[in-house]
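S.K.: Give me the fold of what follows.
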Amino acid sequence: QVQLIESGGGLVQVGGSLRLSCAASGRSFSRDAMGWFRQAPGKEREFVAVINRSSLSKYYADSVKGRFIISRDNAKNAVYLQMSGLKPEDTAVYYCAAGTVSYYYNQNEYNYWGQGTQVTVSS
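M.R.: Alright, predicted model coming up:
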């Protein structure tokens, strides 16, 4: 059974940092792009960041550029999201996703999804 399991979410104050992890199992994702999406209350799920299989290409939503860093460890079949300078508008459920994607911001191209981890930024 293929699974993506996120961890590392929680409650943090404005300006704080969190590191999200996503551990994959059931198959290797070393040849897939892996990304992070988020969904805030009452809003649609949106793209946050993606990293290609070699880690040479990374893309970020404008809203997180300069504050979030995506990375991966293919040996561990895992992807990470280091978040710093957190703002109240970063409050959302964060989802890990993986797949062979052409348009990285298009969530319909991702075949595998985690259940999500809640990030709450308090002011």
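
S.K.: Residue 25 against residue 98, yeah?
M.R.: No. Contact criterion C-beta atoms under 8 Å: residue 25 and residue 98 do not qualify, at 11.7 Å. Glycine gets a C-beta too; all of them are placed from N, C-alpha and C.

S.K.: okay, the two: which has more neighbours?
M.R.: Each of residue 25 and residue 98 has its neighbours counted (other C-beta atoms under 10 Å); residue 98 has more, 26 against 13.

S.K.: Enumerate every residue touching residue 15.
M.R.: Listed by C-beta atoms under 8 Å, 6 or more residues apart in numbering, the contact partners of residue 15 are 85-86.

S.K.: for residue 97, that is, sorry about that
M.R.: Counted by C-beta under 8 Å, 6+ apart, residue 97 has contacts 4, 34-37, 107, 110, 112-114.

S.K.: Look up the closest residue to residue 85, ignoring the ones flanking it.
M.R.: residue 67 (4.3 Å; C-beta to C-beta, 6 or more residues apart in numbering).

S.K.: Against residue 7, how distant is that neighbour?
M.R.: 20 Å (C-beta to C-beta, to the nearest Å).

S.K.: Residue 37 now?
M.R.: Separation of residue 37 from residue 7 (C-beta to C-beta) stands at 16 Å.

S.K.: between the two, which one's more packed in?
M.R.: Per other C-beta under 10 Å, whichever of residue 37 and residue 7 has more neighbours is residue 37, with 24 against 13.

S.K.: Just the element for the more buried one, please.
M.R.: strand 33-39 (DSSP states H and E).

S.K.: Before I go, just wanted to say thanks for your time.
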